[in-house]
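K.L.:
using only what follows, build the 3D model:
(chains A, B and C)
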Amino acid sequence: MKQTAQELADHLHATLDGDPSALISGLAGPEDAGAEDLIYVDSAKHLLRCESSAARCALVREGLKLPGKTLIVVREPKLAFAKAAAWMLEQQPIASRVHPTALIDGSAMISAGAHIGPYVVIEEGAVVGAETEIGAFCFVGRGAKIGESCRLYPRVTLYAGAKLANRVIVHSGAVIGGDGFGYVYGEAQNWKFPQIGGVNIDDDVEIGSNSTIARGSLETTHIERGVKLDNLVHVAHNVRIGENTVIAAQTGISGSCDIGRHVLIGGQAGLGEHCKIEDEAILGGQSGILNSKIIRSGQIVWGTPARPLGEFKKQYARFARLPELAERVRQLEGNRDTK
Amino acid sequence: MKQTAQELADHLHATLDGDPSALISGLAGPEDAGAEDLIYVDSAKHLLRCESSAARCALVREGLKLPGKTLIVVREPKLAFAKAAAWMLEQQPIASRVHPTALIDGSAMISAGAHIGPYVVIEEGAVVGAETEIGAFCFVGRGAKIGESCRLYPRVTLYAGAKLANRVIVHSGAVIGGDGFGYVYGEAQNWKFPQIGGVNIDDDVEIGSNSTIARGSLETTHIERGVKLDNLVHVAHNVRIGENTVIAAQTGISGSCDIGRHVLIGGQAGLGEHCKIEDEAILGGQSGILNSKIIRSGQIVWGTPARPLGEFKKQYARFARLPELAERVRQLEGNRDTK
Amino acid sequence: MKQTAQELADHLHATLDGDPSALISGLAGPEDAGAEDLIYVDSAKHLLRCESSAARCALVREGLKLPGKTLIVVREPKLAFAKAAAWMLEQQPIASRVHPTALIDGSAMISAGAHIGPYVVIEEGAVVGAETEIGAFCFVGRGAKIGESCRLYPRVTLYAGAKLANRVIVHSGAVIGGDGFGYVYGEAQNWKFPQIGGVNIDDDVEIGSNSTIARGSLETTHIERGVKLDNLVHVAHNVRIGENTVIAAQTGISGSCDIGRHVLIGGQAGLGEHCKIEDEAILGGQSGILNSKIIRSGQIVWGTPARPLGEFKKQYARFARLPELAERVRQLEGNRDTK
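P.N.:
Residues are numbered from 1 along each chain as shown, chains lettered A, B, ... in the order given. Model (predicted):
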């Protein structure tokens, strides 16, 4: 699908400077772009790279010049670039078809507009919405529900009963709705506590490759609208993650954590059980949050155990000068002893 | 399969208070329970939730009253709930059948009572025991052996020669018996050291989603009876993990570690090579254990490098007050200088 | 395939002491070895284990005696053992065949000498080179290219356009070329930044189970020749990893990091965005490298935030004695106050 520069400018409520009929069929970085690829220029220092690009159309900030190119002038070129990508994707109809090797239980409801790839297994009572693509080797367990315009890349597993709303993207190898980790010790063995709760993934969530999201034990694990999880993230049973929260790779969230909206969590952070992370808090990479800890709204924390960033920095600066401090104490002692 | 309250009470050696013929067909949390679901009440503060539950039968501690419900009175309701779940699961016969799309080598031995899902691949000489379920897309390599009553969820990989005993549960995406990570550097390149040892998983082990357990290099990696591994756990070559040890998500265990029985390891802990963790030790989340370190039986450690918890807490409390300590030293110095 | 001791000695440029026609058909540890398995002895303390081994041939250092065995005398027995393994592997021709259940797009180019396993999906325009084995359930996306003598274990995903050179080994569950993690926040939502760059994996790279390597956003993610990645490693978009660098399990590398050649990275290390790790640097396990940080060539660092190892050790020793230092300051204060 191709759009004209004018159509894209209209979609972005942007001003056009150049050829309104210039065609745009993709996006790229300046060096890799073909004539019909859209590029963007975020700052003057990238101007040269963009001038020599083969791209005919560019998203630019007001006042920026690129001789010979059609310019779509916006306030935030990088944001506009992302919005342009989303819009172009929307224009691409998916090829709705069910591959003959897909094994779909007779009781499953597959929307006519869905695309089911090769060697997919869909069990009894599952539902797949319109415009949703299910990649090769995906497993959709009994009673799982997938909304509209979702994309499951190859080799995603949804355990029985997992629920995905609309426009959810799940990358290869992710496992949604597996058993949580709960045992009761008694009579010299670990008895498995029932892991039979639900897992709900709301609209516009994206889940990275090989991430694992456990179903609830008796309750429900809940990932709210717009949450983005990077690769190899672990979300335990009964966790809630609030709207638009963003969690970087390899972070682990223990059972029953309650994470607010617009929270940012760096890579490899670890949260103990029953933590509460309030809205708009920021947890630095590799932070460790102790069990049942509360991080207040908007607070920035770092370290293990995590503490406010300013405090951590002060303590850390002192830590680095500890040998010097010890030497000063030694001198004071020498001073005293010689008196 | 349904049981009566009396049958369950008998199984648990518990007292019954109410209708012995009340039927139980599942388990649930109080809010989600239907009439035939079993619930449990662990403490008086949950009484209200349970009173208004639709469940007819509840596991309770002695002395606790739930008007109108049939009570199964036990010492530890949560433990009894887990045991009830295990017992009900046992009563459910699995549907033994081999899906026509499963590709099973002629030399593999599949027990008549096993269930082999769609698009499973089982290679030459592999063995699958009775009452074992192999989910869709599982790969059982050459000569791999799986005992009785195991459950492999969809998309598990067993490399050639991996051995699972009985009642082993493996979740989606886990990889058992992959090559360990060993190279010998010489002539300006890394030569792969042979990774041709075995991997033995004993009875009643559970392995979480996307966890990886390497085969031995020349020896054998050994996970003993009753060990529970959470999601995204990494176990390197030649490791031994002793009976009933429990390891939380994203923990990594380097080559040749020897971990005892009844050890607890928190999430994201990291163990260097050749560590020895003795029985009943506890490693806090995100702990780092240095190469060849020994953690003594029953010791609780935390931090990187890990040290005894009490020590760590004292040091850490001082760390948090370092800026204050430095200020006190500055004052002492001022005091001295003004004399 | 069997080799004689003489052939192997010739290949290794080694001296033979014993029966030149002794046959070698495999490798093993001393205890597990059969008569035709090769063993190695690295130090005199393992001599006893080796003497009682059933193996007829052993790689040994000069001067070492093993009565009754054929000895291949080398300078570095462990290295020679790894080289012997590589050589024997080379002699084993792979069974080139395309399994009838493999779904291969008509436009894909599969070399006559390749082996394509059961239930493999290869999309349009993909290329698979000679002597390459693609295991069961692998997914090779549109336009992906795999060179010669590669081995993809079962259940590997290559997203569209991923490129593997020659002799690349990829273990089960690895995902190569998935979307990087990039969003632009605006209008109260996270817009997905296009993740449409490439991912190039050069010759002789090995990638562990369930590791994830993202494609570039607009640029290219590049793993150079001879790099070895352990299990569950995460490599974000636009990263470069230089030749022969070795990265242990569960390490995470954020976007646009530039890692040099012959770097060693311990397990669970975390690198922020835009780090530069120069050649031959060493990062200790669980290290945390801050965004945009530079680690100089040959430097050894540890801790979070990472600092030179010597410095860290000094600071850490002081940290452990903080309670004692605080007590000494208290005494100095008491001393002052009583004057």
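K.L.:
give me phi/psi at the residue nearest the centre of chain A?
P.N.:
With distances taken as Cα atoms, centre = their mean, A:K228 lies nearest the centre of chain A, 2.2 Å away. Note on A:K228: its backbone torsions stand at phi -120, psi 120 [degrees, to the nearest 10].
K.L.:
might you report the residue contacts of it?
P.N.:
For A:K228, the contacting residues are A:205-206, A:245-247, C:181, C:183, C:190, by Cβ atoms under 8 Å, 6 or more residues apart in numbering or on different chains. C-beta coordinates here come from the backbone N, C-alpha and C atoms, glycine included.
K.L.:
need the pLDDT of the closest residue to chain C within the stretch 1-150 of chain A.
P.N.:
In the stretch 1-150 of chain A, the residue that lies nearest chain C is A:G29 (3.2 Å; Cβ to the nearest Cβ). Model confidence at A:G29, given as pLDDT, is 93.
K.L.:
who's A:L71 bridged to?
P.N.:
A:L71 has these beta-bridge partners by DSSP bridges: A:D17, A:A58.
K.L.:
who in the stretch 101-250 of chain A is up against chain C?
P.N.:
Residues of the stretch 101-250 of chain A lying near chain C by Cβ under 8 Å from any Cβ of the partner chain: A:101, A:117-119, A:135-137, A:153-155, A:171-173, A:204, A:206, A:208-210, A:226, A:228, A:230-232, A:244, A:246, A:248-250.
K.L.:
how about 7 Å then?
P.N.:
The stretch 101-250 of chain A has residues A:118-119, A:136-137, A:154-155, A:171-173, A:208-210, A:226, A:228, A:230-232, A:244, A:246, A:248-250 near chain C, with proximity defined as Cβ under 7 Å from any Cβ of the partner chain.
K.L.:
how is the closest residue to A:G186 other than its chain neighbours assigned, secondary-structure-wise?
P.N.:
Counting by Cβ to Cβ, 6 or more residues apart in numbering or on different chains, B:L79 is the residue found nearest to A:G186 once chain neighbours are left out, at 4.2 Å. Here B:L79 takes the helix state, with states given by DSSP: H, G, I helix; E, B strand; the rest coil.
K.L.:
just to revisit the earlier point, would a markdown table of the contacts of A:K228 with pLDDT and neighbour count be doable?
P.N.:
Compiled in a markdown table, the contacts of A:K228 are given as follows (pLDDT from 0 to 100; neighbours: other Cβ atoms under 10 Å in any protein chain shown):
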| residue | pLDDT | neighbour count |
| --- | --- | --- |
| A:V205 | 98 | 27 |
| A:E206 | 98 | 22 |
| A:T245 | 98 | 25 |
| A:V246 | 98 | 20 |
| A:I247 | 98 | 28 |
| C:F181 | 97 | 27 |
| C:Y183 | 97 | 16 |
| C:N190 | 95 | 20 |
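K.L.:
just those residues: which are in strands?
P.N.:
The strands, defined by DSSP state E, take in A:206, A:246-247, C:183, C:190 from the contacts of A:K228.
K.L.:
how about the residues of the stretch 101-250 of chain A near chain B?
P.N.:
Going by Cβ under 7 Å from any Cβ, the residues of the stretch 101-250 of chain A near chain B are A:103, A:119, A:121, A:137, A:139, A:155, A:157, A:173, A:175, A:178-179, A:181, A:183-184, A:186, A:189-194, A:196, A:210, A:212, A:218-219, A:232, A:234, A:236, A:250.
K.L.:
among those, name the buried ones.
P.N.:
Neighbour counting by 16 or more other Cβ atoms under 10 Å in any protein chain shown classes A:103, A:119, A:121, A:137, A:139, A:155, A:157, A:173, A:175, A:178-179, A:181, A:183-184, A:190-194, A:196, A:210, A:212, A:218-219, A:232, A:234, A:236, A:250 among these as buried.
K.L.:
mind listing which of those are in strands?
P.N.:
Per DSSP E, these map to strands at A:103, A:121, A:139, A:157, A:175, A:178, A:183-184, A:190-192, A:212, A:234.
K.L.:
is stretch A:299-317 positioned near chain B?
P.N.:
Yes - applying Cβ under 7 Å from any Cβ, one finds that stretch A:299-317 is in contact with chain B at A:304, A:314-315.
K.L.:
which of the residues you listed lies closest to B:A108?
P.N.:
Nearest to B:A108 out of those is A:T304 (Cβ to Cβ; 47.7 Å).
K.L.:
of the residues of stretch A:299-317 next to chain B, buried ones?
P.N.:
Applying 16+ other Cβ under 10 Å to those flags A:304, A:315 as buried.
K.L.:
can you redo the residues of stretch A:299-317 next to chain B as a markdown table with secondary structure and pLDDT?
P.N.:
Shown next, in a markdown table, are the residues of stretch A:299-317 next to chain B (DSSP: H, G, I helix; E, B strand; the rest coil; pLDDT from 0 to 100):
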| residue | secondary structure | pLDDT |
| --- | --- | --- |
| A:T304 | coil | 93 |
| A:K314 | helix | 89 |
| A:Q315 | helix | 87 |
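K.L.:
gap between the residue nearest to A:G186 and A:F193?
P.N.:
B:L79 is 9 Å from A:F193, where distance means Cβ to Cβ, to the nearest Å.
K.L.:
which residues do the two both contact?
P.N.:
Common contacts of B:L79 and A:F193 (Cβ atoms under 7 Å, 6 or more residues apart in numbering or on different chains): A:V184.
K.L.:
so A:Q286 makes contact with C:S287?
P.N.:
No - if you go by Cβ atoms under 7 Å, A:Q286 and C:S287 don't touch, sitting 9.2 Å apart.
K.L.:
grab the nearest non-local neighbour of the closest residue to chain B within the stretch 151-300 of chain A.
P.N.:
Of the residues in the stretch 151-300 of chain A, the one nearest chain B is A:L218, at a distance of 3.2 Å by Cβ to the nearest Cβ. Using Cβ to Cβ, 6+ apart and skipping the chain neighbours, the partner closest in space to A:L218 is B:G29 (3.2 Å).
K.L.:
what about the one you found, how many neighbours?
P.N.:
With neighbours defined by other Cβ atoms under 10 Å in any protein chain shown, the count for B:G29 comes to 22.
K.L.:
swap in A:S43?
P.N.:
A:S43 has 10 neighbours, counted by other Cβ under 10 Å.
K.L.:
so how far is B:Q3 from the nearest residue to A:Q195 once chain neighbours are set aside?
P.N.:
Distance criterion Cβ to Cβ, 6+ apart; nearest residue to A:Q195, sequence neighbours excluded, is A:D179 at 3.8 Å. For A:D179, the distance to B:Q3 (Cβ to Cβ) stands at 22 Å.
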